[in-house]
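Enquirer: coords please:
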Amino acid sequence: MYKAAVIGDSASVSGFAALGLSVFRETEPEKITKLISRLAANEFAVIYITEPAAALVRDTINKYRSSKLPSIVLIPAIEGNTGEGVRALHEAVEKAVGSDILN
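Expert: Residues are numbered from 1 along each chain as shown. Here you go, the predicted model:
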């Protein structure tokens, strides 16, 4: 059975545990990179990561962009949001349906 995880600072990700996600409170680039690799190898189908954490490991995330699993989804954090998660969502929708229906 596939699992879902969330990675980011403690304040931004703690509430996800109540939804049944595996929560990883991590903000150091090297540790996030190793964590993503470990999760990908252990049946995690979806990895949510806060925008600030994702900015620290952009190369690692790009490595998985063409992979079927895991799907790495950027989510807003309590602080330090860049809008990249929303832009990525718009791009994914446009790619899937042929136009940006979210605007």
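
Enquirer: Show me the shaky parts of this structure.
Expert: 89, 92-93, 95-96, 102-103 (pLDDT under 70).

Enquirer: and the residue lying closest to Phe16 once chain neighbours are set aside, what is it in contact with?
Expert: Nearest non-adjacent residue to Phe16, counting by Cβ to Cβ, 6 or more residues apart in numbering: Val6, 4.4 Å away. Where C-beta positions appear, they are placed from N, C-alpha and C, glycine not excepted. Contact partners of Val6, counting by Cβ atoms under 8 Å, 6 or more residues apart in numbering, are Val13, Phe16, Leu21, Ser22, Val23, Phe24, Ile47, Tyr48, Ile49, Ile75.

Enquirer: three-state assignment of the nearest residue to the fourth one once chain neighbours are set aside?
Expert: Same thing as Ser22. Nearest residue to Ser22, sequence neighbours excluded (Cβ to Cβ, 6+ apart): Ala5, at 4.3 Å. Counting by DSSP: H, G, I helix; E, B strand; the rest coil, the backbone at Ala5 sits in strand.

Enquirer: In this structure Ala11 contacts Ile78, no?
Expert: Yes: in terms of Cβ atoms under 8 Å, Ala11 counts as a neighbour of Ile78; the distance is 5.0 Å.

Enquirer: if I read this right, the residue nearest to Ser22 contacts Gly20, doesn't it?
Expert: No: in this structure Ala5 lies outside contact range of Gly20 using Cβ under 8 Å: 10.8 Å.
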